[in-house]
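**Student:** Structure here, sequence nowhere to be found:
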């Protein structure tokens, strides 16, 4: 099952955006370059371009996420698209059949794009396999699998600060095991030619197949941060603190929380990233989150530009259809 | 109490759309012809016409229905109207007084149209009787009474496939007793001159006054389907399966589920319709729902054109006001 | 802590609208004059002006209020702004930290305006103190403190009927103690030069510091209404009926409900106002609420014009930025 195939149309243009895994470097570079063009829209007097006027985008959220839904909604509105928000309780579509019927109905209403969020890995891919030819699907996070727009906004942020990916040392810190964000980032960093990607975390939160992903595993944060150019902190799902996977929050912070002291081990111009929302005092110290090396809020701003870029690429493709 | 009167303004133009019952054939034909014009909007590059720009439409939903709300919202947005969604718990407007005060307030905000969904028969009519002269009301389903835009989208679908209503034999199958959809369809079919309308279902789900509606009642589905041009399946409210009204789902499917075998009794070019969402294996076999004679998804597409038509007719009327 | 300072930018232009308290008379007059210009938008064929096209407004509602949210949403849409609705459970932002992080995120998305509703007095002010320079904050009601757009729409309504504030006698009747609406009205009336403001209510519902607000306190409604030009009735929070603060609803109506008989004590051309929603038969008799002296629905209409005025003033200010 090649995921690359389904993401491109017969002309080789990006139709869906489901995962970064397997994409050619050129596609990633195209997204970053297009996002660069959109990055000024947010600061214009009228933050609006008519590119997707008359297009209908559906936020199909099977798990609630105000934050992510908001960024896609805002990106769509700035492209002048119409937005429908549909929140679906997993229960009401427990049968695959009725999910497909729902898709058929939205297609029949001439919707153009589905933004899919689901707690099951592969859900966006499943939907993309079953939609009509005029529909594009964007994965807004599926289980532990992928969150490709988050991955790309992180690449955009890194490129803005560091330009050349091929000279970087990047560390991702925290709960790698459960993180779709980390998985998308690792794929993107590899494809873009970053020579050294490190993951840092306790044994219980690093997946066993980590080394096959082309990353270096560290359990000692001080060792792992040494001389890196980019530090990506992950959000700790605090529900997981309870039980066997982790010691206490305090203990976690001592070992894997990013403090000014630990940050000093990285390169002096290292940037600090986090997908948000941050748990201050759990995975990151406030002085670092709000400090001069933090680019966390830039990531949010860049998220809009990257989402506008992906949306306009997958739908703009259809001009000739 | 003539429902015809309240639906028209003093110039004889359609102001509200509450029920099909009692409307002249010309009005129905006007709606179908207007919908024909809108049926291409959905396939345009930019699915947007500026007809209702600056108009404000309020979805007043007293019972939740994402599906129906979505179609009205989409139709309104494609007409460039502004949409407000208001979900009202029946409890908070238990007194007629506060409902009227809410209407007065929305009127004072210069809203133009109320799309009303309510589980009480007559609710949309009640609201239409009490709104200010500049407001139009569209019934999006009231109790067991009427769902006129659904009725008209079904007529639109039939006309597209069969052209001449005056030569048709139409069968409606299932829970006629509780179905506002069936009631609106029967009125529309009668007004448009369909010579033979049949209803098919168990004794417990056919209203006693059925024959007075000008329909032929069948309890044996095989008999009822013989030589029909159009089959309209109704959704079975599965909650009603429990208790005295119906035998088991399996038993119901055997007697009243539409299978390929039963479908073969109709004319070879008979079309199969369903208002959705469908219960596969309960009232309809998947092979039929997805088969070549099914026009179920066309109904969804046509629903947008018909709703755009009705909205533009009731508001367009006001140009001279 | 001067609240005046934070509401104005360095050029002396209105940037936030948090409270009427401390504003110069000229600012209030500017709002009223601007609202006068917008008051015709609602009756135009296309109720839409492009003033805030491309601006993004966020309804940040920490306590639910369909009614208030709707008026702000409608005002924003008529100004062609994009609207995001975010409902926040107080629980999920129990820590001030995460509230600030949420604000930082919305700022990073280049949102332009926050409409804030919160059950804690001072919440909108707190948020205004912490937002980035490009953001404006409008208070849509904070605890018992202020509801300044409601106060201004009431002033707009009074001016339309009575023209000259400096010759008026105004009575506010009901639960003054818990009313942010009353507080905003009292400040506005004082600033606009109304020589005599009266508050009428039971001892338990008049704040002790009332006289320091420059008002005359009455516990006997008949005495308090004598010869007034304007009567502003407040909504009685019926939850407060239970317990020690108030006798029964019937008893309250007898003493403080506005009846035709009591209304006759005011000037013959006195107007009757109420912020809505009204409790008929509790604080006001239906014959008065719907009677010739009632301007309650005009207040709703004027609310849109005033909110459009405030929004366009605080954002229009930025043209030169």
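**Tutor:** Thanks, I have it. No experiment lies behind these values; they were computed from the predicted model shown.

**Student:** what number of residues lie near the residue of chain A found nearest chain B?
**Tutor:** Residue of chain A nearest chain B, by CB to the nearest CB: residue A:54 (2.8 Å). For every residue, glycine as well, the C-beta is placed using N, CA and C. Residue A:54: 19 surrounding residues under other CB atoms under 10 Å in any protein chain shown.

**Student:** tell me which strands and helices the longest helix out of those in chain A is in contact with?
**Tutor:** Taking DSSP state H as the criterion, chain A has its longest helix at helix A:296-316. With contacts defined as 3 or more CB pairs under 8 Å, 6 or more residues apart in numbering or on different chains; DSSP states H and E, helix A:296-316 has these neighbours: helix A:25-38, helix A:66-78, strand A:113-118, strand A:136-142, helix A:148-162, strand A:271-273, helix C:96-108.

**Student:** mind giving me JSON lines with the ones you listed and columns for distance to chain B, mean pLDDT and mean neighbour count?
**Tutor:** Listed next are those as JSON lines, based on distance: least, CB to the nearest CB, whole Å; pLDDT from 0 to 100; neighbours: other CB atoms under 10 Å in any protein chain shown:
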{"stretch": "helix A:25-38", "distance to chain B": "20", "mean pLDDT": "97", "mean neighbour count": "18"}
{"stretch": "helix A:66-78", "distance to chain B": "12", "mean pLDDT": "92", "mean neighbour count": "22"}
{"stretch": "strand A:113-118", "distance to chain B": "13", "mean pLDDT": "96", "mean neighbour count": "25"}
{"stretch": "strand A:136-142", "distance to chain B": "15", "mean pLDDT": "97", "mean neighbour count": "26"}
{"stretch": "helix A:148-162", "distance to chain B": "24", "mean pLDDT": "98", "mean neighbour count": "24"}
{"stretch": "strand A:271-273", "distance to chain B": "37", "mean pLDDT": "98", "mean neighbour count": "22"}
{"stretch": "helix C:96-108", "distance to chain B": "22", "mean pLDDT": "84", "mean neighbour count": "19"}
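
**Student:** follow-up on the earlier one: how about the nearest residue to the residue of chain A closest to chain B, chain neighbours excluded?
**Tutor:** Counting by CB to CB, 6 or more residues apart in numbering or on different chains, residue B:46 is the residue found nearest to residue A:54 once chain neighbours are left out, at 2.8 Å.

**Student:** The one you found sits in which helix or strand?
**Tutor:** Assigned by DSSP states H and E, residue B:46 belongs to neither a helix nor a strand.

**Student:** what's it in contact with, if anything?
**Tutor:** For residue B:46, the contacting residues are A:53-55, by CB atoms under 8 Å, 6 or more residues apart in numbering or on different chains.

**Student:** nearest to chain C, of those residues?
**Tutor:** Once CB to the nearest CB is applied, the member of these that ends up nearest chain C is residue A:53, at 12.9 Å.

**Student:** tell me the contacts of whichever residue of the stretch 51-200 of chain A sits closest to chain C?
**Tutor:** Closest residue of the stretch 51-200 of chain A to chain C, CB to the nearest CB: residue A:77 (4.6 Å). Residues near residue A:77 by CB under 8 Å, 6+ apart: A:48, A:83, C:56, C:82.

**Student:** Up against chain B, what does the stretch 101-250 of chain A have?
**Tutor:** Contact residues (CB under 8 Å from any CB of the partner chain) of the stretch 101-250 of chain A with chain B: A:101-102, A:104-105, A:107-110.

**Student:** got those as JSON lines, with distance to residue B:187 columns?
**Tutor:** Below are those laid out as JSON lines (distance: CB to CB, whole Å):
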{"residue": "A:101", "distance to residue B:187": "28"}
{"residue": "A:102", "distance to residue B:187": "30"}
{"residue": "A:104", "distance to residue B:187": "28"}
{"residue": "A:105", "distance to residue B:187": "25"}
{"residue": "A:107", "distance to residue B:187": "30"}
{"residue": "A:108", "distance to residue B:187": "25"}
{"residue": "A:109", "distance to residue B:187": "26"}
{"residue": "A:110", "distance to residue B:187": "29"}
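
**Student:** Keep only those that also lie close to chain C.
**Tutor:** When CB under 8 Å from any CB is applied, no member of those is adjacent to chain C.

**Student:** Can you pick out the most distant pair from those residues?
**Tutor:** Pairwise distances across these peak at 16.9 Å for A:101 and A:110 (criterion: CB to CB).

**Student:** first to last residue in stretch A:232-251, what's the distance?
**Tutor:** Terminal residues of stretch A:232-251 are spaced 20 Å apart (CA to CA, to the nearest Å).

**Student:** for the spatially closest residue to residue A:227 that is not a sequence neighbour, what are its contacts?
**Tutor:** Distances taken as CB to CB, 6+ apart put residue A:267 closest to residue A:227, at 5.8 Å, once the chain neighbours are dropped. Residue A:267 makes contact with A:227-229 under the criterion CB under 8 Å, 6+ apart.

**Student:** cool, and residue A:158?
**Tutor:** Residue A:158 neighbours (CB under 8 Å, 6+ apart): A:165, A:168, A:170, A:230, A:271, A:273.

**Student:** mind running it again at 7 Å?
**Tutor:** Applying CB atoms under 7 Å, 6 or more residues apart in numbering or on different chains, we find residue A:158 in contact with residue A:230.

**Student:** ok so, going back, so what's the residue of chain A closest to chain B scoring on pLDDT?
**Tutor:** Note for residue A:54: predicted pLDDT of 93.

**Student:** what's the answer for the one 5 residues further on, then?
**Tutor:** With respect to pLDDT, residue A:59 has a value of 94.

**Student:** The nearest residue to residue A:81 once chain neighbours are set aside and residue C:48, how far apart?
**Tutor:** Among residues not flanking residue A:81 along the chain, residue A:52 sits closest, at 3.9 Å (CB to CB, 6+ apart). In this view, residue A:52 and residue C:48 are 20 Å apart by CB to CB, to the nearest Å.

**Student:** okay, these two: which has more neighbours?
**Tutor:** residue A:52 (24 against 19).

**Student:** quick one: the more buried one from residue A:82, how far?
**Tutor:** Taking CB to CB, one finds residue A:52 at 9 Å from residue A:82.

**Student:** can you check residue A:295 too?
**Tutor:** Taken as CB to CB, the span from residue A:295 to residue A:82 is 33 Å.

**Student:** Please identify which of these two sits among more neighbours.
**Tutor:** Using other CB under 10 Å, the more surrounded residue of residue A:295 and residue A:82 is residue A:82, with 24 against 20.

**Student:** Double-check the more buried one against residue A:56; I have them as touching.
**Tutor:** Yes: using CB atoms under 7 Å, residue A:82 is in contact with residue A:56, at 4.8 Å.

**Student:** my guess is residue A:28 contacts residue A:188, does it?
**Tutor:** Yes: contact criterion CB under 7 Å: residue A:28 and residue A:188 qualify, at 6.3 Å.

**Student:** and chain A, which of its residues are near chain C?
**Tutor:** Applying CB under 7 Å from any CB of the partner chain, we find that chain A lies next to chain C at A:42-43, A:45-48, A:66, A:70-71, A:73-74, A:77, A:276-278, A:280, A:297, A:300-301, A:304.

**Student:** If we use 6 Å, what do you get?
**Tutor:** Proximity of chain A to chain C, by CB under 6 Å from any CB of the partner chain, involves residues A:42, A:46-48, A:74, A:77, A:280, A:297, A:300-301, A:304.

**Student:** Looking at chain A, what residue ends up closest to chain C?
**Tutor:** With CB to the nearest CB, the shortest gap between chain A and chain C falls at residue A:46, namely 2.8 Å.

**Student:** so who does residue A:176 touch?
**Tutor:** For residue A:176, the contacting residues are A:182, A:199, A:201, A:206, by CB atoms under 6 Å, 6 or more residues apart in numbering or on different chains.

**Student:** Which helix or which strand is home to it?
**Tutor:** With DSSP H and E as the test, residue A:176 turns up in no helix or strand.

**Student:** Look at it and report its pLDDT.
**Tutor:** At residue A:176, the predicted lDDT confidence score is 95.
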